[in-house]
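*Asks:* I would like the atomic coordinates for the input below:
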Amino acid sequence: MDEKFYSNIKVIDSIEKDGFKVEILECNNLKGSKDAALAEDLFYIRNAGMSLKMVKVTLEDSGLITESGALYFHKGCIDCVSNIGGVGGLAKKLIKSKLTSESTFKPIYKGTGEIFLEPSFSHYIIMNLENESIVVDKGIFYCCEQGMEIGVASQKNLSSGLLGGEGWFQTQISGTGAVVLEIPIPMEEVLKYELNNERIQVDGNFALLRSGAVAFSVQRSSKQLLGSMTSGEGLLQTFEGTGHVWIAPTQPVYNRLKYNGIPQMGTAGKNIDNSS
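*Replies:* Now for the predicted structure:
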């Protein structure tokens, strides 16, 4: 192990099991500036609280499925395996890619060694599934343990597909193993609910994931049309059943800051579109 490199690294999340270990690494400090412009950018990044992160996976006779293009480098006896599956498999993958905004081909890396995925200033979260499935927001799947299935979940009714803000199809991840998701906010800002035959309603498109057993629909905020109109809320994303629902309550705030600036934050979010 390179002690100098790892002395500047902090592990912010990890899961380890037989033959498979995944870690989210965070760089403590970036010191590589060679000119004033780069130094200024690094100063801004540091004072803004941004940090460079990367996903490291250690394999011992096991495998990893990633989004296409996610690989940075790997060390050891590791092979990349094609998962096209013939002409029929190619057609299915092209269709699924179009429906879910995920890459068409997901490489499988098998063997023994270390894999580093592309560094970025994004945010990551690790989940461990036990013979279960989750439905996640489009485009946030990053990598998972080999043996898991990345498929398509379709909306169950007309209102969900047309008005739910998620489109007709989302990504469904099923099986047993570790999953890494690339999310729009830091993991400490994710609010994780465990529903027990309960309901949660969200005014906007900032739910990150739900258990496969949790039903998703779009409902009026009031049973009466007049009530919905006078409440100012209208249609709400509705999650019902037993399982977990993870939401990103700060995501709409960042969107408002990005597109409208600080002055808009001086008042409460009434009459503001919370869709991402």
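
*Asks:* Run a quick neighbour tally on N47.
*Replies:* Residues near N47, counting by other Cβ atoms under 10 Å, number 8. (Each C-beta comes from the backbone N, C-alpha and C, glycine too.)

*Asks:* Kindly report the same for the one 10 residues further on.
*Replies:* The criterion is other Cβ under 10 Å. On that basis, V57 has 24 neighbouring residues.

*Asks:* Which residue comes closest to it once chain neighbours are left out?
*Replies:* I115 (4.5 Å; Cβ to Cβ, 6 or more residues apart in numbering).

*Asks:* check contacts around the one you found.
*Replies:* By Cβ atoms under 8 Å, 6 or more residues apart in numbering, the contact set of I115 is 56-59, 64, 71, 73-74, 78, 109.

*Asks:* rerun that using 6 Å as the cut-off
*Replies:* Applying Cβ atoms under 6 Å, 6 or more residues apart in numbering to I115 gives the contacts 57, 74, 109.

*Asks:* Dump the helix or strand hosting it to PDB, restricted to CA.
*Replies:* In this assignment (DSSP states H and E), I115 forms part of strand 108-117. Only the C-alpha atoms of strand 108-117 are listed here, as PDB (Å, rounded to 0.1, in the frame of the first residue of the first chain):
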ATOM      1  CA  ILE A 108     -18.300  -7.000 -16.100                       C
ATOM      2  CA  TYR A 109     -14.800  -7.200 -14.500                       C
ATOM      3  CA  LYS A 110     -13.900 -10.600 -13.100                       C
ATOM      4  CA  GLY A 111     -10.900 -11.900 -11.200                       C
ATOM      5  CA  THR A 112      -8.700 -10.900  -8.300                       C
ATOM      6  CA  GLY A 113      -7.300  -7.400  -7.800                       C
ATOM      7  CA  GLU A 114      -8.200  -3.700  -7.300                       C
ATOM      8  CA  ILE A 115     -10.500  -1.600  -9.500                       C
ATOM      9  CA  PHE A 116     -10.600   2.200  -9.400                       C
ATOM     10  CA  LEU A 117     -13.500   4.000 -11.100                       C
END
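
*Asks:* Now Q251: phi and psi?
*Replies:* phi -60, psi -50 (degrees, to the nearest 10).

*Asks:* Can you give me the pLDDT of it?
*Replies:* Each residue has a pLDDT score; the one for Q251 is 93.

*Asks:* before we move on, what about M187?
*Replies:* M187 is given a pLDDT of 90.

*Asks:* any idea which helix or strand carries the nearest residue in space to it that is not next to it in sequence?
*Replies:* Once flanking residues are discounted, M187 sits nearest to I125: 4.5 Å by Cβ to Cβ, 6+ apart. In this assignment (DSSP H and E), I125 forms part of strand 123-136.

*Asks:* and the angle from the helix or strand following that strand to strand 123-136?
*Replies:* Elements were assigned by DSSP H and E; along the chain past strand 123-136, the next helix or strand is strand 141-145. Inter-element angle recorded for strand 141-145 and strand 123-136: 80 degrees (by axes from the mean of the first three to the mean of the last three Cα atoms, to 10 degrees).

*Asks:* Return the set of buried residues in the very next helix or strand once past strand 141-145.
*Replies:* On the C-terminal side of strand 141-145, the nearest following helix or strand under DSSP H and E is strand 149-154. Buried residues in strand 149-154, counted by 16 or more other Cβ atoms under 10 Å: 150, 152-153.

*Asks:* any idea how far the nearest residue to P107 once chain neighbours are set aside lies from E3?
*Replies:* Using Cβ to Cβ, 6+ apart and skipping the chain neighbours, the partner closest in space to P107 is C80 (5.3 Å). Using Cβ to Cβ, to the nearest Å, we find C80 at a distance of 30 Å from E3.
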